[in-house]
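Engineer: need a structure here:
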Amino acid sequence: MPRPKTKRRYQSPELHALPAGPLERPPAAARRTSVLSTLAGHDVRELVARFGSPLCVVDETRLRDAYRRMDAAFRARWPDTHIGCSVKTNYLSAVVAVLRSEGAWGEVVSGFEYRLCRDLGIPGNEILFNGPYKTDEDLELAFREGAKVHIDSDDELERVIALSRSFETPREIGLRCSIQLNYPPWDKFGFGLETGHALEAARAIAREPKLRLAGLHAHVGTYLPDPGTYARSIESLIGFALRLERELDLRIGHLDVGGGYATRNTLHHTMLPGEALAASAEDYAEAITAPLRKAARQFRSPPRLFLEPGRFLVDEAVSMITTVRAVKRGSGQQKAALVDCGVHILPTAFWYDHEIRPVEDRGGALESYRMVGPLCMQIDCVRQNLVLPSLRSGDLLVIQDVGAYNFSQSMQFIYMRPTYVMAHAAGVDVIRERESDAYVREPERLPAHLVSDETRHSLLVRGR
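Structural biologist: Numbering: from 1, shown residues only. From the prediction side, this is the model:
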């Protein structure tokens, strides 16, 4: 006779604190309206007077502090941890050089980024080489210099096997694993772990006399505020690594949990600001290292841990100063504030509601604005809805937390890219000059049959 079902006792709901602690700013459009008149200790007006507008300002101290906090959080829990600076997130050489001076490795996804790291003095054996496509020339250089190369696909593995036949001694490689932790699946990168594809690739590598499978890598998403996602990811990597050591007689020397760590930037259409959702460095560190500590004795020797934060290190260290060039009435009651910073140099405006602060408050009433850029495109919108003290032409604004992906993905469209400076206690240094017409057009070539007398004269006058 079946036992009667036991009724669950009612439990009253409980309130829990948000993971980021008390909110520093309220949600949605009602953000800070207080002035922000200095950046890294330097007066915003003076910066614009010296370097023009728009102007991108890197706060060197904040950049170093972000690295040190994450490094300390992980090393306190797993001492053999190394941070790879994600170069694609911001490949301004000065930014990479600061992170390198703090001890960062390079993490690259192309030959361009690899060479940038080498030019900055990062040795090949302290570079993590990821990405879905690597040229044969880049692979040869990376293997010759001892970089940690993570293989991404069957075709790439076949090319590496072919290259390995010219190696004098066996070389270590890593395997990128695709783990089903998200919906929709984040499955562009690597070999499927759940499908057995990664195991097939590992077995193929084990058969090669000049290759040694020494590491596993997983990059499971971007802007992931839940540390639990990383805990599940490394648990999967640990289980797979132990299976490989047991079945294929391997020693997995490193596990790489990739990047994607969230910052306080607020995604469009979210109820709460990013700082209420994003986890701290300590939260991420505990989630990732706890499974490692639990499984450490099962490995032949405890693996080295790699992580590849880009956004988490650079996002909040960079601000963009912009100038209001016109204020006009839109089709409704909301005003439009036209600024000289467009989406060509601030592409993250397509997915973030960036915090924007006035440099001066003249005491006017708060008004709702649509912040639009200078491009002749309807999509050039920096913020759809923003409440600020009354604005007029000439006012300065500071767009905060713009360090990740804006320079890397910026372009010259209608207006050139601006000056980039790095501010520190000793002063302010230009780290990239404002682009000129000549710089942008220099690679172009005009076919001879299109050169008229007028064109030839103009080119001579301009020194081209």
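
Engineer: ok, how many other residues are close to the residue nearest to Arg232 when sequence neighbours are not counted?
Structural biologist: Using CB to CB, 6 or more residues apart in numbering and skipping residues adjacent in sequence, the residue nearest Arg232 is Leu181, 5.6 Å away. Quick note: C-beta positions are derived from backbone N, CA and C, even for glycine. Applying the criterion other CB atoms under 10 Å, we find 17 residues in the vicinity of Leu181.

Engineer: ok, now which ones touch Leu181?
Structural biologist: With contact set as CB atoms under 8 Å, 6 or more residues apart in numbering, Leu181 has these partners: 220-221, 229, 232-233.

Engineer: relative to Ser37, which of those is nearest.
Structural biologist: Of all the contacts of Leu181, Ser37 sits closest to Gly221, with 37.3 Å by CB to CB.

Engineer: take the contacts of Leu181 and keep only those in helices.
Structural biologist: Judged by DSSP state H, helices contain the following of the contacts of Leu181: 229, 232-233.

Engineer: of those, which is the most crowded?
Structural biologist: For the ones in helices among the contacts of Leu181, the largest neighbour count, defined by other CB under 10 Å, is 26 neighbours, found at Ser233.

Engineer: report the contact partners of the closest residue to it other than its chain neighbours.
Structural biologist: Ranked by CB to CB, 6+ apart and with sequence neighbours excluded, the top spatial neighbour of Ser233 is Val220, at 4.8 Å. Applying CB under 8 Å, 6+ apart to Val220 gives the contacts 179, 181-182, 186, 229-230, 233, 258, 260.

Engineer: going by distance to Ile151, which of these wins?
Structural biologist: When the contacts of Val220 are compared for distance to Ile151, the smallest value, 14.7 Å, is given by Gly258; criterion: CB to CB.

Engineer: spatially nearest residue to the closest one, not counting backbone neighbours?
Structural biologist: Spatial nearest neighbour of Gly258, chain neighbours left out: His219 (3.3 Å); criterion: CB to CB, 6+ apart.

Engineer: test my guess that Met411 contacts Leu346.
Structural biologist: No. Met411 lies out of contact with Leu346 (CB atoms under 8 Å); the separation is 11.2 Å.

Engineer: tell me which of these two has more neighbours.
Structural biologist: Here Met411 and Leu346 are compared on neighbour count by other CB under 10 Å; more neighbours surround Leu346, at 24 against 11.

Engineer: residues in contact with Asp353?
Structural biologist: Residues in contact with Asp353 (CB under 8 Å, 6+ apart) are 266-268, 383-384.

Engineer: by neighbour count, which of those residues wins?
Structural biologist: With neighbours set by other CB under 10 Å, the maximum within the contacts of Asp353 is found at Thr266, which has 25 neighbours.

Engineer: so how far is Ile379 from it?
Structural biologist: Distance of Thr266 to Ile379, given as CB to CB, to the nearest Å: 20 Å.

Engineer: Glu435 now?
Structural biologist: Counting by CB to CB, the gap between Glu435 and Ile379 amounts to 22 Å.

Engineer: please apply the same query to Gly253.
Structural biologist: To Ile379, Gly253 is 47 Å away according to CB to CB.

Engineer: those two: which has the busier surroundings?
Structural biologist: It is Gly253, of Gly253 and Ile379, that has more neighbours when counted by other CB under 10 Å, with 20 against 11.

Engineer: my guess is the more buried one contacts Pro303. True?
Structural biologist: Yes. Counting by CB under 8 Å, a contact exists between Gly253 and Pro303, whose distance comes to 5.9 Å.

Engineer: shared neighbours, those two?
Structural biologist: Each of Gly215 lies in contact with both Gly253 and Pro303 under the rule CB under 8 Å, 6+ apart.

Engineer: what's across from the nearest residue to Gln334 once chain neighbours are set aside in the sheet?
Structural biologist: Spatially, and ignoring its direct neighbours in sequence, Gln334 is nearest to Ser368 (5.0 Å; CB to CB, 6+ apart). Taking DSSP bridges as the rule, Ser368 bridges to Val387.

Engineer: okay then, goodbye and thanks.
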